[in-house]
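below is the sequence, then the predicted model.
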Amino acid sequence: MRLLSYNIRYGGAGREEPIARIIKACHPDIVLFQEATRPDVVERIADRAGMVEWRSYSKQSLAFLSRENVAFAQWHRPRFSHHAFVEVVPAGERVRIFGVHLSAVHSSPTEWRRVFELRALLRSIAHHQHGFHVLAGDFNTLEPKTRLDVRRLPPRLRPFVWLSGGRIKWRTIQTVLDAGYVDAYRLHHALAPGHTFPSWDPHLRLDYIFVPETCRDRVLACDVVTHPAAAEASDHLPISADFE
């Protein structure tokens, strides 16, 4: 099974064709979208990408496409979370997929908010945590001990870092790892940066795929997707993973 996670930026309107072109090139079985706030756009992308089933709701960030009909799909919004997360179970597959979109902005207060949102998600799926499942999406945070180059941020975002003392302690990804998950990308790329943002000059890693430590052998591949249409399609690069 191949999973693709993709932030399509501001609903994706007007960019359906390049987004669909990238999806078709990846041949995924399931696509998780973030910022997919326009169901009409998601429908057009699904049609152009040849996906059988899709689901999206107005003003909801998370959506999905599927090459086959799914057995189950549901949106959950833990208290105080900025975005709902989506739960998808492909038909005939013994895997449960959770799409994630955590709060944005690089600052210490929003990093704590992301930790809060993630812990709420983990509590809500605790009864699934011994089976094979996947957490994937735009986590809007950096790996532990990563140094953020403030000079490369848009000017409007730099004050948030300065107000945080000029340096942010990244806690969200470590919280996932401490909960018993492994970073699928790092299993296959120990030293590669894995940058996914922005698509025209990737220098930040914001998008991740995690599986339980006990399921690490099921991850056959995990890669950041590069494509000639990437900068035209969105400000994020998608990330894909193959599972047994």
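Sure thing, it's come through. Please read all numbers here as calculations on a predicted model, not as lab measurements.

any buried residues in stretch 169-189, and which?
By neighbour count with 16 or more other CB atoms under 10 Å, stretch 169-189 contains the buried residues 170-173, 175-177, 179, 181-187. C-beta: built from backbone N, CA, C; applies to glycine.

equivalent analysis for stretch 57-67, please.
60-67.

residue 2: which of those is nearest?
Proximity of those to residue 2 was ranked by CB to CB; the top entry is residue 67 with 9.1 Å.

the closest residue in space to the closest one that isn't next to it in sequence: how many residues sit nearby?
Distances taken as CB to CB, 6 or more residues apart in numbering place residue 29 nearest to residue 67, at 4.9 Å, with adjacent residues excluded. Residue 29 has 17 neighbours, counted by other CB atoms under 10 Å.

quick one: residues contacting the nearest residue to residue 27 once chain neighbours are set aside.
For residue 27, ignoring the flanking residues on the chain, the nearest one in space by CB to CB, 6+ apart is residue 2 at 6.5 Å. Going by CB atoms under 8 Å, 6 or more residues apart in numbering, residue 2 touches 26-30, 240-243.

hang on, the earlier thing: what about the buried residues of stretch 57-67, which are in strands?
Among the buried residues of stretch 57-67, the ones falling in strands (DSSP state E) are 63-66.

pick the one among the residues you listed closest to residue 10.
The closest of these, once distances to residue 10 are taken by CB to CB, is residue 63, at 13.5 Å.

any idea what the closest one is bridged to?
residue 33 (DSSP bridges).

mind checking which helix or strand of the protein has the lowest mean pLDDT?
helix 158-163 (a mean of 71; mean pLDDT, DSSP states H and E).

helix or strand right after that helix?
Of the helices and strands lying after helix 158-163 in sequence (DSSP states H and E), the nearest is helix 172-178.

low pLDDT regions in this protein?
For the chain, applying pLDDT under 70 flags the ranges 157, 160, 162-163, 165-166.

hmm, 90 instead?
Counting by pLDDT under 90, the chain shows low-confidence ranges at 59, 77-82, 91-94, 105-108, 124-131, 145, 147-169.

show me the helices in it, by range?
16-26, 39-49, 108-124, 158-163, 172-178, 184-188, 230-233 (DSSP state H).

would you turn those into CSV with distance to residue 141?
Shown next, in CSV, are the helices of the chain (distance: least, CB to CB, whole Å):
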stretch, distance to residue 141
helix 16-26, 24
helix 39-49, 25
helix 108-124, 6
helix 158-163, 13
helix 172-178, 4
helix 184-188, 14
helix 230-233, 21
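
residue 85 is nearest to which of the ones you listed?
Comparing the helices of the chain by CB to CB, helix 108-124 comes nearest, at 5.8 Å.

closest one of the ones in strands among the buried residues of stretch 57-67 to residue 153?
residue 63 (27.7 Å).

wait, the closest one touches residue 55, no?
Yes: the pair formed by residue 63 and residue 55 meets the contact definition of CB atoms under 8 Å, at 6.3 Å.

on that earlier part again, of the contacts of residue 2, grab the buried ones for ChimeraX.
Selection of buried members from these for ChimeraX, criterion 16+ other CB under 10 Å:
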select :26,28,29,30,240,241,242,243
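
from the contacts of residue 2, which ones fall inside strands?
Those of the contacts of residue 2 lying in strands (DSSP E): 30, 240-243.

out of those residues, who's nearest residue 50?
residue 30 (13.7 Å).

residue 224: which of the helices of the chain is closest?
helix 184-188 (7.5 Å).

gap between the closest one and the chain center?
15 Å (CA atoms, centre = their mean, to the nearest Å).
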